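# What would the 3D arrangement of this be:
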Amino acid sequence: MEYGLISRSGDGRLRQREHQEALYAAIKLKVSRLSPGRIVHPLPPWRPGDPSVLVFKDENVVRLAMEFRQLREGLRASLPEDEVEGVGLPSLLLDEFALEVYGVSAEFNILTANTTEMVKSLSGLMDHLTAVDFDELMAREKAAGGSSASKSVIYGTRYLLTFFAYYLLYHVCAGHDSGDTLKLLMTVAAIHPSVVGSEELRFPIEVKKTLDQGNYVRFFSLRSEANPYQRALLDTTVARVRRQAMSSISIAYHQFPLDDLTRILDFLSLTDCLEYLKTTAGIPEDSLDLKEYVVYFRKRRK
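Model prediction:
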């Protein structure tokens, strides 16, 4: 069944839960065919060092991104109104079905490098996070005793903080002003004292510290430990970090082992590293010694 965007076509069917569930089921089926076993809730298992899920750029992915958007618009349009100072405003709180949809939509758009739709998906979850009663949420989780079958646990604090961590990591990697990033942290920290010190936020905070210090060795070490979603976000700034690393290394050394450079810049093979040096870093062919496996850096004369 085809649907339109509520904001453009006036198609109101997706305000109804039966249509929302039908579209979501169709989306999950299509996603599973693109990447079997991945991007389907709950979050997939991962191992440190796993490569990111392939970034799809075909028309099927474009269509899926639009269907996720249609579904999110339908969910948002069907939210009840909250009365604020006598004015009825759409509620920012999402129910469990909407939390799942927004989460899977965010995951899909992170892995397919669709920044616009990723930010919209994560923003919906952030609105919920800032509106929810965090103390009440933690109390429900405690009452559930950590049961993995309990929806209060599945869509609870860790779920929300996982996506807040992705949102924060996006801001860090996009090179947004540090003041904006800290302001974002402080906004959510006001929800509950435990937020900033949470396990979920340690990774983006460590990445921010690493980028601020220009520590490219630590950055690529974190990238190798990252889960596929974190890695996909880190990959948006890899080119910038590699440029900084090459600048530092070329200033500090006259020559440098190619094997070490391949490892430091986190390339999968020497061939990939050589391709980068020649086509992106602008290293001349005669500066690459493939017998001794070193690269020579030409120093500018003073």
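# give me every residue that touches Ile205.
Contacts were defined as Cβ atoms under 8 Å, 6 or more residues apart in numbering; by that measure Ile205 touches 168, 185, 196. Every residue, glycine included, has its C-beta placed from N, CA and C.
# tell me which element it falls in.
Assessed by DSSP states H and E, Ile205 sits inside helix 199-213.
# what's the angle between the helix or strand following that helix and helix 199-213?
Heading C-terminal from helix 199-213, the first helix or strand you meet, by DSSP H and E, is helix 216-225. With axes from the mean of the first three to the mean of the last three Cα atoms, to 10 degrees defining the directions, helix 216-225 sits at 150 degrees from helix 199-213.
# and the next element down the chain from helix 216-225?
Counting by DSSP H and E, the next helix or strand C-terminal to helix 216-225 is helix 228-234.
# Using TSV, lay out the contacts of Ile205 together with pLDDT and secondary structure.
What follows is those, written out as TSV (pLDDT from 0 to 100; DSSP: H, G, I helix; E, B strand; the rest coil):
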residue	pLDDT	secondary structure
Leu168	90	helix
Leu185	70	helix
Val196	72	coil
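# Count residues in the vicinity of Ala232, would you?
When neighbours are defined as other Cβ atoms under 10 Å, Ala232 has 24 of them.
# How about Ser91?
15.
# next one: Ile249
Residues lying near Ile249 (other Cβ under 10 Å) number 17.
# can you check Ala25 too?
Look at Ala25: counted by other Cβ under 10 Å, it has 10 neighbours.
# quick one: it and Lys208, what's the gap?
Counting by Cβ to Cβ, to the nearest Å, the gap from Ala25 to Lys208 is 38 Å.
# and what of Lys183?
Where Lys208 is concerned, Lys183 sits at a distance of 13 Å (Cβ to Cβ).
# So those two - more neighbours on which side?
Higher neighbour count among Lys183 and Lys208: Lys208, with 19 against 11, using other Cβ under 10 Å.
# Now that one. Nearest residue, chain neighbours left out?
Distances taken as Cβ to Cβ, 6 or more residues apart in numbering put Val172 closest to Lys208, at 4.6 Å, once the chain neighbours are dropped.
# Which strands and helices lie in contact with the helix or strand containing the one you found?
Counting by DSSP H and E, the element that carries Val172 is helix 157-173. Other elements packing on helix 157-173 under the criterion 3 or more Cβ pairs under 8 Å, 6 or more residues apart in numbering; DSSP states H and E are helix 96-111, helix 115-131, helix 134-144, helix 178-189, helix 199-213, helix 228-234.
# circling back: which one among the contacts of Ile205 gets closest to Asp95?
Compare each of the contacts of Ile205 with Asp95 using Cβ to Cβ and the shortest gap goes to Leu168, at 24.6 Å.
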